[in-house]
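> No sequence on hand, only this structure:
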DNA sequence: CCCAGTTGTGTAACTGTATAACGTGTGCGA
DNA sequence: TCGCACACGTTATACAGTTACACAACTGGG
């Protein structure tokens, strides 16, 4: 367990604060945006945010969107298949959709296998325009 | 055509220099690493590198690896299927392998279609350990 | 030929993203 | 109680990418 237990999830104080901001946002946030949001809660330096994010990503509660250099709260609490999650990112409205597709995961595993590559983590990000933005 | 024609490929002087560095490297390079390599060829500012990279990526000669914030020369000259290229990145030796898999591309297109998402570009990056590094 | 538009280039300053290198405090087990 | 692991705080710095402005070189049409 954890030393402080500030949260229902066994997160530390800083981790809870960062997690809370990401949940409130409902979409991707940059580390510095999070920092700004948390200045009045005592945050002063980027490292405080990055350390919390590292743990949250590790715990599977947060995903990093590499093509945005941003972070997003996991859609569902116990986000399974965390290693092979795909994201659709609307370049117009910024909305992101999290997808877990087993066929996709399977194909990637097979490709890695073909190259005798020990797969640890995958990044799959689809950029384009979402339905809503296309029709407007 | 191009104004200077410094290269066999119709690239400008700066584009050729950057392309040449990436080809020599045989692996991913950060923009500032390229800049440092080209200081004695007259490069002084990041923008010179980024402008060249933009054109090279647009021309399909170079890929950006989002999870490394780095750039890599395209494996084959006329890299087709440029929109749906996957990369395997060895976290030990840094080597990258470029993969074009039509089944993968098809599956991604289908997923986008299911969500009525107008796909523009995809990023697929597999991180792990390559065969060589696993056995050593 | 000249002019206007486009594209490539050079330079400086700046914002944004991320990490290194310190040191401090706290809980926990040997 | 000693040391270890871990969260935390602070400063500085490295790396990534952009904005703004100016100039040079080619291009196309009148």
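That came in fine, so what should we check first? A quick note: this is a predicted structure, and the numbers were derived from the prediction, not measured.
> Where does the prediction get shaky in chain A?
Applying pLDDT under 70 to chain A picks out residues A:1-9, A:76-83.
> Mind jotting down where the helices sit in it?
Using DSSP state H, the helices assigned to chain A run over residues A:13-25, A:31-37, A:46-58, A:102-114, A:131-135.
> Could you figure out how far the lengthiest strand in chain A is turned away from helix B:102-114?
Using DSSP state E to assign secondary structure, the strand with the most residues in chain A is strand A:118-129. Here the directions of strand A:118-129 and helix B:102-114 differ by 40 degrees (axes from the mean of the first three to the mean of the last three C-alpha atoms, to 10 degrees).
> residues touching the most centrally placed residue in chain A, list them.
Nearest to the mean C-alpha position of chain A, by C-alpha atoms, centre = their mean, lies residue A:63 at 1.6 Å. By C-beta atoms under 8 Å, 6 or more residues apart in numbering or on different chains, residue A:63 lies in contact with A:57, A:71, A:72, A:74, A:82, A:85, A:87, A:98. Just so you know, the C-beta spots here come from the backbone N, C-alpha and C atoms, and that holds for glycine as well.
> one more time with 6 Å
residue A:72 (C-beta atoms under 6 Å, 6 or more residues apart in numbering or on different chains).
> do residue A:30 as well
Contacts of residue A:30 by C-beta under 6 Å, 6+ apart are residue A:70.
> Flag every residue of chain A that's near chain B.
Residues of chain A found near chain B (C-beta under 6 Å from any C-beta of the partner chain) are A:66-67, A:88, A:101, A:103-104, A:107, A:111-112, A:116-131, A:134.
> try it again with 7 Å
Contact residues (C-beta under 7 Å from any C-beta of the partner chain) of chain A with chain B: A:66-67, A:88, A:97, A:99, A:101, A:103-104, A:107-108, A:111-112, A:115-131, A:134.
> Surely residue A:41 and residue A:20 touch.
No: under the criterion of C-beta atoms under 7 Å, residue A:41 is not in contact with residue A:20, lying 9.5 Å apart.
> ok so, going back, does anything pack onto the longest strand of chain A? Which helices or strands?
The helices and strands touching strand A:118-129, judged by 3 or more C-beta pairs under 7 Å, 6 or more residues apart in numbering or on different chains; DSSP states H and E, are strand A:85-90, helix A:102-114, helix B:102-114, strand B:118-129.
> Compare these and report which one is nearest to DNA strand D.
Of all those, strand B:118-129 sits nearest to DNA strand D, with 12.1 Å by C-beta to the nearest atom of the strand.
> And the closest one, what's buried?
B:118, B:119, B:122, B:123, B:124, B:125, B:126, B:127, B:128, B:129 (16 or more other C-beta atoms under 10 Å in any protein chain shown).
> Contacts for that strand next, please.
For strand B:118-129, the external contacting residues (C-beta atoms under 7 Å, 6 or more residues apart in numbering or on different chains) are A:66-67, A:108, A:112, A:117-129, A:134, B:65-67, B:83-84, B:86-92, B:108-109, B:112.
> now do 6 Å
Against strand B:118-129 from outside (C-beta under 6 Å, 6+ apart): A:67, A:112, A:117-129, A:134, B:66-67, B:83-84, B:86-92, B:108, B:112.
> Please determine whether it lies in contact with DNA strand D.
No: remark: strand B:118-129 sits outside contact range of DNA strand D, by C-beta under 7 Å from any atom of the strand, the gap being at least 12.1 Å.
> Identify all residues paired with residue A:65 through a beta bridge.
With beta bridges defined as DSSP bridges, residue A:65 has these partners: residue A:70.
> Was I right to think it contacts residue A:28?
Yes: here residue A:65 reaches residue A:28: they are 5.4 Å apart, a contact under C-beta atoms under 6 Å.
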